[in-house]
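**Q** coordinates only, sequence not included:
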């Protein structure tokens, strides 16, 4: 077995035992990146010298028995929207070419404090807008399972890097499914924590009330290790919550666990192979002792509609800062207005422009009430619907995405068909809940993800069930 | 069409996006489809329902002068699209508008 194929858990044991070094582990990952990245385009920049230096320091700490934490010496990937001091960080956008992070995001600071090795930055849809990683100024990332297909998005680079064993884990961000959907399409674990669990300080904002940072990993246990390292209230992000820290609570089986199936949310238009794979997954949950029941979860379609109003409104505000003045690209025009308008038109891709215009419309005088305020009222109803469902069950299960990985270019011409890929994932962001996608078999030979949704801050519950499921397969 | 071309042009102006007629036409079509989809929100009965607001901690940081991180300062300066020494250079705000006579 090559070292880059290890899980974080196995690598930790072998590093602690002195069987392997972080330098060897890091070199194995860098070799695999060199082998596969020319085809996959998962990483857009590799920090070879820095990574080897960090690995060397980790080995020196080990020699002195000064291990910093569970991630000490573990090579990871970082999505291109997480600030990393001194490194170029661009959110996959032309407008930020050459932009260097002035400071570390809280999650990068935590990774450094843990002694993790950061291998490089991974590809993404521009400003995290997309479900296929085709909307990147660096070109698309390919799915490691089939190079003619997309890896999902927006964190497609991180998902592909973990699935292709270029790194042991990676960070992504999830606003409407951007961790869970690519995890499903690439066949890895992807966890979106509860809104407020992980600090967003230094995450380039897409839709601030929905964004959350989380891990990609090859096992549920590894995702838990990463969440433990990333979590925590942060004075620099006032939306982080003062709650009990997440601690894994693994279970032997699922007796006493009530799992709800919001069947009406499954709807039509789902790939038959995806439905079959997830139903088989549910049978496994049942065989391990879970009580399975159908539950009501109204507003499934309205969730997607509310999301596609609230998100672009926040996007249009958050992306105002990219005006060519203080950082990023500047295209000069006369007068000042033209400098703004040319800089933005020439450097934002079509999806970013579309969402900016949609948000501008929904927030403009005369439409604000009908679109934005109505969507925020519907959001209240959606949150109540989830709260009601969680009166009767502990976990909700759905497919993560309605289809397995689609072909490159298949959904880029019609934005609405791309948006419909998010139908199972956006509700979780609108309600601020935690959810994990676990691989559950294949459809047409391609990976399928099963989504487990939990109550606010019950990451331990969904991860325990996900682990029982994964261990039973 | 939900939006007219003039309305799309007005939105592009508000959003500071200098789009060609061809790009405006594309946006018009895309927004039509998307707005058609989100129209289902209007059918939801929301009489008496409060719009959701995210609970956030409300304490503010003290408004005090903080020491400047030298490394961060240098990077911020290096990110300026144009600079004169340590100053950010920008186009003039009060330059005469396009088409006006001198």
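**A** Received the coordinates, thanks. Given the structure is predicted, the values throughout are model-derived calculations rather than measurements. Numbering: from 1, shown residues only, chains lettered A, B, ... in the order given.

**Q** so which residues of chain A form strands?
**A** A:43-46, A:75-79, A:117-122, A:169-174, A:189-192, A:212-217, A:258-261, A:291-294, A:395-399, A:435-443, A:446-454 (DSSP state E).

**Q** roughly how far is the last one from the heart of the chain?
**A** Using C-alpha atoms, centre = their mean, to the nearest Å, we find the averaged C-alpha position of strand A:446-454 to lie 13 Å away from the chain's own average C-alpha position.

**Q** what residue, apart from its backbone neighbours, is nearest the most centrally placed residue in chain B spatially?
**A** Most central in chain B under C-alpha atoms, centre = their mean is residue B:15, positioned 5.7 Å from the mean C-alpha point. Residue nearest to residue B:15 in three dimensions, not counting chain neighbours: residue A:360, with 4.6 Å by C-beta to C-beta, 6 or more residues apart in numbering or on different chains. (Each C-beta comes from the backbone N, C-alpha and C, glycine too.)

**Q** likewise for residue B:28?
**A** With C-beta to C-beta, 6+ apart as the measure, residue B:8 is the residue that lies nearest to residue B:28, at 4.9 Å, once sequence neighbours are left out.

**Q** is it correct that that neighbour is in contact with residue B:23?
**A** No. Contact status for residue B:8 versus residue B:23: not in contact, 9.6 Å apart, counting by C-beta atoms under 8 Å.

**Q** if we can go back for a sec, what are the phi and psi values for the residue nearest to residue B:28?
**A** Backbone geometry at residue B:8, expressed as degrees, to the nearest 10, gives phi -60, psi -40.

**Q** which pLDDT value belongs to it?
**A** The confidence metric pLDDT takes the value 96 at residue B:8.

**Q** count the residues that sit near it.
**A** The tally of other residues near residue B:8 (other C-beta atoms under 10 Å in any protein chain shown) stands at 23.

**Q** how about it, what does it touch?
**A** Contacts of residue B:8 were listed using C-beta atoms under 8 Å, 6 or more residues apart in numbering or on different chains, and they are A:357, B:24, B:27, B:28, B:31.

**Q** can you check residue A:342 too?
**A** In this structure, residue A:342 makes contact with A:331, A:332, A:333, B:18, judged by C-beta under 8 Å, 6+ apart.

**Q** now for the residues you listed: which two are most distant?
**A** In terms of C-beta to C-beta, the contacts of residue A:342 reach their longest pairwise distance at A:332 and B:18, which sit 12.5 Å apart.

**Q** higher neighbour count, the two?
**A** Shown here are residue A:332 and residue B:18; by other C-beta under 10 Å, residue B:18 has more neighbours (19 against 13).

**Q** wait, the more buried one sits on residue A:341?
**A** Yes. Assessed by C-beta under 8 Å, residue B:18 is found in contact with residue A:341 at 3.6 Å.

**Q** in JSON lines, list the contacts of residue B:8 along with neighbour count.
**A** As requested, these are arranged in JSON lines below (neighbours: other C-beta atoms under 10 Å in any protein chain shown):
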{"residue": "A:357", "neighbour count": "26"}
{"residue": "B:24", "neighbour count": "18"}
{"residue": "B:27", "neighbour count": "23"}
{"residue": "B:28", "neighbour count": "19"}
{"residue": "B:31", "neighbour count": "21"}
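
**Q** out of the residues you listed, the closest to residue B:72 would be?
**A** Of those, the one sitting nearest to residue B:72 (C-beta to C-beta) turns out to be residue A:357, at 33.9 Å.

**Q** so what's the closest one up against?
**A** A:316, B:8, B:11, B:12, B:15, B:17, B:27, B:31.

**Q** run a quick neighbour tally on the fourth one.
**A** Right, residue B:12. Residues lying near residue B:12 (other C-beta under 10 Å) number 22.

**Q** return the per-residue confidence for it.
**A** In this prediction residue B:12 is given a pLDDT of 97.

**Q** for the contacts of residue A:357, which one is nearest residue B:53?
**A** Minimum separation from residue B:53 among the contacts of residue A:357 (C-beta to C-beta) is found for residue A:316, which lies at 18.9 Å.
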